[in-house]
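Peer 1: kindly generate the corresponding structure for this input.
(2 chains)
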There are 2 protein chains.
Amino acid sequence: MSSRRLSKNVSIKKVTHSGCCHSREAEYMHRALELARRGAGLVSPNPMVGAVLVKNNKIIGEGYHCAAGKDHAEIVAIKNAKAPVRGSTLYVTLEPCCHVGRTGPCVQRIVKEKIKKVVVAVLDPNPLVDGKGVAYLKKSGVEVEVGLCVKEAIRLNEIFFKNMRCHLPFVAAKTAQSLDGKTATRMGESKWITGEQARIHAKRLRDEYDAVVVGVNTVIKDDPCLNGLHKTNFKVVIDPQMRIPVLSKLVTRYSDKLIIVTSNKNIARSHNFPGILNIIYVKSNNDVLDIKDLLKKLYALGITSIFVEGGSVTVGRFFDAGVVDKIYLFIAPQIIGGDTALSSIGGLGVRQPKNAVMLKERLIEFIGEDILVTAYTK
Amino acid sequence: MSSRRLSKNVSIKKVTHSGCCHSREAEYMHRALELARRGAGLVSPNPMVGAVLVKNNKIIGEGYHCAAGKDHAEIVAIKNAKAPVRGSTLYVTLEPCCHVGRTGPCVQRIVKEKIKKVVVAVLDPNPLVDGKGVAYLKKSGVEVEVGLCVKEAIRLNEIFFKNMRCHLPFVAAKTAQSLDGKTATRMGESKWITGEQARIHAKRLRDEYDAVVVGVNTVIKDDPCLNGLHKTNFKVVIDPQMRIPVLSKLVTRYSDKLIIVTSNKNIARSHNFPGILNIIYVKSNNDVLDIKDLLKKLYALGITSIFVEGGSVTVGRFFDAGVVDKIYLFIAPQIIGGDTALSSIGGLGVRQPKNAVMLKERLIEFIGEDILVTAYTK
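Peer 2: Okay, here's the model as predicted:
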């Protein structure tokens, strides 16, 4: 067993079966992860958490966090237990809290219930916790293990982890393209490359993010609403020269949800858009906006995650800035071809193949006739 | 049972379990297809054929065609039979022949052996056969069924079927690209986008085709040899203005295997390349060569199949001409990006998404870190 430091507070015993293993312990943690996912879309701004209580190799209690302000997963599992929890082992997807938020600290309850051992998938990156929960448990004589299924646990709350660790929104990019990487034909036609099922799926993905981001040319060309399937997201338009049409749907119907991002040179022109509450002014260089500055300012507005949809140049700029965390490539099984047809990811691009953005944890799915590749850049 | 005409000679009973089914009959045909594949690379210019003899639900004989001039699959199965073949059923992947080639006609032997029934996957498109074999068998009192696993049987000998039906070479195109469709960065760098395993696999694919086709710019830039893994193919260079470097490897080492394709305007300039045996002059329009004319002329030279490798423009021209039968897309799990980075498939491209080349029978494989999509256009 090797030892490594994940936090200044706690030295972590590396669990050799961490990752996607098939031990009984991992099965309990997978169950806890499964329970946690039931809180998807319900717990914001909290992370999703699941917990399982095990005694004599049997699950005696289960719980998950189902809404901000409600009981944490650990407490739900204790309350639901069908046998005395004393001497049991708790599997929990995130470090139990030690601070008094809207609910009491979980670690005190764990100690009080005389739970023997706590297996934690990952430390809570929230600076109010970040190892302090584990330290409290250890000090109180509870056996603690950290790191079982750590990767899955971080991915489960990937937006939360990005926010806590970087103080920036999580950035997902989406493209819809042919197999040869075209997002429009040489005539500029893009309706439709991917099929209806893929387009509905892409709308459903918008539900998972706080804001949808597009370049102003997409607004001028398509006049989109940018809503999710069940959610009216924030709509962020990258618009260096303030060209957004005043009669576009985003301006006329969604002004309360619209965030225009422009160059700080345009501050004086904002009176042209008196109905728009949010105009963000960011640094720029030759009318190319500074994407990193934009992300900081979006986070300051409370935007925890963005879904960058296009067009080609806008997605390219986010890649050029090196800020994309996750990508969804919808790929139609067709060839469009053409030197002048629009590429799915424009911008500047990399100089050498060795500088290309390598995609990790790739998942390939079939959505109707189309292929969806989901992957991470980091 | 519906009836449809596949040939002027024979009316075919549509076998309802045709296609990829799991009946016992299909199992026998799949076994015959499996046997046929053992002739891969050995039987040219003949098609691969496999045969299985079945009696009382047991396979009593198996055979495949193993070399031009050697026994046909049916005869091998009869000779290998471990029980009297009288009254048995023969499953064969291609219609038995009725003409005297290098071996005697198979249909006569089938009748002589008193085989009761013959199940044929597909009629032989060779005009010397093309239903006549089946007609002979029927006339001689042998029960015949045609169409079991017809799709697999045609794909097994896809080059042969294309040659017989269209009198043109089979055209496969290959690209190596990033997920966003780039075959080089904005600096023109393409070494390497895909990994070593993918590049070896691509070399192995060259073995399956008579000739590798590239544009002259690829020769100027990379000075390639274009050999397969185990085969020295013909090397076809599309070179409208006869710019191929006289010191390139193709000219200096492989002049006997080199076919230069140029505009018929350049006939007078051919004396510059006295060592090159094959220069094909094709029609052209503004220095863009007529791909269909080229295919006719390659077929006349005896080239039955070509593997179009690039670059971007050359592959694009074959797509623009609508002549690509099969495509191999090697896709590296990375993003290159960039408006000016080279697309994997250039040329003109289609005007509308509805005109895009829809890919059929898609197969997705993982070759090392890369993805290989193999598909048909027709």
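
Peer 1: and A:P47, how far from chain B?
Peer 2: Distance from A:P47 to chain B, counting by C-beta to the nearest C-beta, to the nearest Å: 28 Å. Any C-beta I mention is one placed from the backbone N, CA and C, and that applies to glycine too.

Peer 1: wait, that residue sits on A:L94?
Peer 2: Yes: using C-beta atoms under 8 Å, A:P47 is in contact with A:L94, at 5.9 Å.

Peer 1: of those two, who's got more company?
Peer 2: When A:P47 and A:L94 are compared for neighbours, A:L94 comes out ahead with 32 against 24, by other C-beta atoms under 10 Å in any protein chain shown.

Peer 1: tell me the secondary structure at A:L295.
Peer 2: helix (DSSP: H, G, I helix; E, B strand; the rest coil).

Peer 1: where does it land on pLDDT?
Peer 2: What the model reports as pLDDT for A:L295 is 98.

Peer 1: please apply the same query to the one 3 residues further on.
Peer 2: Predicted confidence (pLDDT) for A:L298: 97.

Peer 1: am I right that it sits in a helix?
Peer 2: Yes: remark: A:L298 belongs to a helix, assigned using three-state DSSP.

Peer 1: can you tell me how far it is from A:T377?
Peer 2: Noted for A:L298: a distance of 19 Å to A:T377, by C-beta to C-beta, to the nearest Å.

Peer 1: also A:K235?
Peer 2: 24 Å.

Peer 1: tell me which of the two has more neighbours.
Peer 2: A count of neighbours by other C-beta under 10 Å puts A:K235 above the other of A:K235 and A:T377, at 23 against 18.

Peer 1: what is the burial count for the closest residue to chain B within the stretch 51-200 of chain A?
Peer 2: Closest to chain B within the stretch 51-200 of chain A is A:G181: 1.4 Å, counting by C-beta to the nearest C-beta. Residues lying near A:G181 (other C-beta under 10 Å) number 30.

Peer 1: which one is it nearest to, not counting chain neighbours?
Peer 2: Take A:G181 and drop its neighbours on the chain: the residue closest to it by C-beta to C-beta, 6 or more residues apart in numbering or on different chains is B:G181, 1.4 Å away.

Peer 1: please name the spatially closest residue to A:Y209 (chain neighbours excluded).
Peer 2: A:F307 (3.9 Å).

Peer 1: tell me the contacts of that neighbour?
Peer 2: A:A172, A:A173, A:K174, A:L205, A:R206, A:E208, A:Y209, A:A211, A:V212, A:V213, A:N233 (C-beta atoms under 8 Å, 6 or more residues apart in numbering or on different chains).

Peer 1: gap between it and A:A153?
Peer 2: Applying C-beta to C-beta to A:F307 and A:A153 gives a distance of 23 Å.

Peer 1: do the same with A:E113
Peer 2: For A:E113, the distance to A:A153 (C-beta to C-beta) stands at 23 Å.

Peer 1: which one's more surrounded, those two?
Peer 2: Per other C-beta under 10 Å, whichever of A:E113 and A:A153 has more neighbours is A:A153, with 27 against 18.

Peer 1: the more buried one in helix, strand or coil?
Peer 2: Under three-state DSSP, A:A153 comes out as helix.

Peer 1: what pLDDT does the closest residue in space to it that isn't next to it in sequence get?
Peer 2: Leaving aside its chain neighbours, A:A153 sits nearest to A:A121 (3.4 Å; criterion: C-beta to C-beta, 6+ apart). For A:A121, the model assigns a pLDDT of 98.

Peer 1: residues near A:A121, how many?
Peer 2: A total of 28 residues lie near A:A121 under the criterion other C-beta under 10 Å.

Peer 1: quick check: phi and psi on it?
Peer 2: Backbone torsions of A:A121, given as degrees, to the nearest 10, read phi -70, psi -50.

Peer 1: which ones are touching it?
Peer 2: A:29, A:32-33, A:92-94, A:146-150, A:152-153.

Peer 1: make TSV out of these and add distance to A:G228 and secondary structure.
Peer 2: Below are those laid out as TSV (distance: C-beta to C-beta, whole Å; DSSP: H, G, I helix; E, B strand; the rest coil):
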residue	distance to A:G228	secondary structure
A:M29	31	helix
A:A32	28	helix
A:L33	24	helix
A:V92	30	strand
A:T93	26	coil
A:L94	26	coil
A:V146	35	strand
A:G147	34	coil
A:L148	33	coil
A:C149	29	coil
A:V150	30	helix
A:E152	25	helix
A:A153	26	helix
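
Peer 1: helix, strand, or coil at A:T218?
Peer 2: Assigned state for A:T218: helix (three-state reduction, three-state DSSP).

Peer 1: OK, contacts around it?
Peer 2: By C-beta under 8 Å, 6+ apart, the contact list for A:T218 reads A:P224, A:E309, A:G310, A:G311, A:T314.
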